[in-house]
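Q: Quick check, what structure comes out for this input:
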Amino acid sequence: MASTVPRHSGLQLRVLSLYRSCMRAAASQPTAASREAATAHVRARFRDASIRRADFQKIEFLVRRGERQLKKMGGGDGFSVARV
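A: Predicted structure coming up:
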């Protein structure tokens, strides 16, 4: 008997991918204090309870904005909590 594995939607996959990328960027910080601060900031931003799960337009906008910000930070200069 095959087990049914819940599938994620395309938008859910994009959110998860962005979260993992942000957490990797936070983990690449040079000092332990900056790693902890960056990780806490990423978690807080993704746990924003004011965004309804059914508000697809807002979620898509925030994902695109997060991807742009992450790409800007990817220039080798590290992850800055102030810029996110």
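
Q: Every contact and neighbour count from this point should use C-alpha atoms.
A: Will do.

Q: give me the element residue 18 is part of.
A: If you go by DSSP states H and E, residue 18 is part of helix 10-27.

Q: chain center to stretch 26-39: distance?
A: 15 Å (C-alpha atoms, centre = their mean, to the nearest Å).

Q: Quick one: residues contacting the spatially most central residue of the chain.
A: The centre of the chain sits closest to residue 19, judged by C-alpha atoms, centre = their mean, with a distance of 2.8 Å. Residues near residue 19 by C-alpha atoms under 8 Å, 6 or more residues apart in numbering: 42, 46.

Q: Next, find the distance separating it from residue 13.
A: To residue 13, residue 19 is 10 Å away according to C-alpha to C-alpha, to the nearest Å.

Q: Which element, helix or strand, includes residue 39?
A: helix 32-46.

Q: Do me a favour and average the pLDDT over whichever helix or strand comes after that helix.
A: Sequence-wise, the next helix or strand downstream of helix 32-46 (DSSP H and E) is helix 56-73. For helix 56-73, mean pLDDT rounds to 92.

Q: Tell me which residues touch residue 17, please.
A: So residue 17 contacts nothing (C-alpha under 8 Å, 6+ apart).

Q: same question, the one 5 residues further on
A: Residue 22 makes contact with 42, 70, according to C-alpha under 8 Å, 6+ apart.

Q: run the last query once more with 6 Å
A: With contacts defined as C-alpha atoms under 6 Å, 6 or more residues apart in numbering, residue 22 is in contact with no residue.

Q: And the one 4 residues further on, by the same measure?
A: Neighbour list for residue 26: 35, 38, 39 [criterion: C-alpha under 6 Å, 6+ apart].
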